[in-house]
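Student: Here's my sequence, what's the structure:
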Amino acid sequence: MKLVYVSIVLGLLFPTVASADSAEAEIEFLVSAIGASDCTFIRNGKRHDAMDAEAHLRMKYRRGKRYAPTAEKFIERLASASSMSKKPYFIECTGSEPVPSGEWLMSHLIDYRKN
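Tutor: Next up, the predicted model:
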């Protein structure tokens, strides 16, 4: 019985901890946002269209899901740099300079959570 109370209290104290379902939804939103954008994804110095970027990040998430229990960890561990070369990813949208993909994704995550 004490365990139930501890679980309830912890749940009330830490409501910002994302459930697996909400993390999945947030990651799906982020990957889809890249694919739906008109931006260019720059990976290892090569330019890729948005659909290629989406496919690449879906593959990385599918293979490395255990390293990304939250959207923030997905951004940090899988969507910000090449796991092979360690070179950062960039996103370049029409009329703007390339920005690190982590910044672009975090901005979209913040907007998503506002809604």
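
Student: what sits against the spatially most central residue of the chain?
Tutor: The C-alpha lying nearest the average C-alpha coordinate of the chain belongs to Ile75 (Cα atoms, centre = their mean; 3.8 Å). Counting by Cβ atoms under 8 Å, 6 or more residues apart in numbering, Ile75 touches Leu30, Ser101, Gly102, Leu105, Met106, Leu109. Placement of C-beta: from N, CA and C, glycine included.

Student: and it, what element?
Tutor: For Ile75, the enclosing helix or strand under DSSP states H and E is helix 71-77.

Student: Equivalent analysis for Ile42, please.
Tutor: strand 40-43.

Student: which helices and strands does that strand pack with?
Tutor: Under the contact criterion of 3 or more Cβ pairs under 8 Å, 6 or more residues apart in numbering; DSSP states H and E, strand 40-43 touches strand 46-48, helix 50-64, strand 90-92.

Student: repeat that for 10 Å
Tutor: Other helices and strands packing on strand 40-43, by 3 or more Cβ pairs under 10 Å, 6 or more residues apart in numbering; DSSP states H and E, are strand 46-48, helix 50-64, strand 90-92, helix 101-114.

Student: Thr70 is nearest to which of these?
Tutor: Closest approach to Thr70 among these is made by helix 101-114 (10.0 Å; Cβ to Cβ).

Student: List the buried residues in that closest one.
Tutor: Burial within helix 101-114, assessed by neighbour count using 16 or more other Cβ atoms under 10 Å, is assigned to Ser101, Gly102, Trp104, Leu105, Met106, His108, Leu109.
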